[in-house]
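Novice: Turn this into a structure:
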Amino acid sequence: MMTEKQQRGALGEQAAVDYLRQNGFMIVERNYRIGRSEVDIIASRYDELHFVEVKTRKYGTLTAPEDALTEQKARAMRRAASAYMAQHRCMLEPRFSLIAIEVVGERVEALRFVEDALQYSW
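Specialist: Numbers count the residues shown, from 1 in each chain. Sure, this is the predicted structure:
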């Protein structure tokens, strides 16, 4: 049985997938893991490959979902993205995006898509 936090996270991640699909993205992979690093969603659009972090919070909390993207998480995303691109010999342009979601119960109250939330550097 999932905890309330896990249920909220699953709701947010599904809302993010739906948003991306509605905006022309193809979902390539979900919950990609390499070692201890993870990327919530990998999606492609045009000649770009987006590594997407989803942060879901209860609506009205003091901390915005965007504030949860720490430097430690950013490093882990970059590591996972590098590994993914090497494994798949991917030549698409990598981009790092964030989808911040606020929920009330089982309803998405707000969704914000932040393209280029992180810079990519080899």
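Novice: Show me the shaky parts of the protein.
Specialist: 119-122 (pLDDT under 70).
Novice: What segments of it are strands?
Specialist: Secondary structure of the chain by DSSP state E: the strands cover 26-34, 37-45, 48-58, 93-104, 107-118.
Novice: Turn those strands into CSV, columns for distance to residue 81 and mean neighbour count.
Specialist: C-beta: built from backbone N, CA, C; applies to glycine. Formatted as CSV, those follow (distance: least, C-beta to C-beta, whole Å; neighbours: other C-beta atoms under 10 Å):
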stretch, distance to residue 81, mean neighbour count
strand 26-34, 9, 14
strand 37-45, 7, 20
strand 48-58, 5, 22
strand 93-104, 6, 20
strand 107-118, 9, 15
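Novice: What distance do you get for the spatially closest residue to residue 41 that is not a sequence neighbour to residue 91?
Specialist: Excluding the flanking residues, the one nearest residue 41 by C-beta to C-beta, 6 or more residues apart in numbering is residue 52, at 4.1 Å. For residue 52, the distance to residue 91 (C-beta to C-beta, to the nearest Å) stands at 19 Å.
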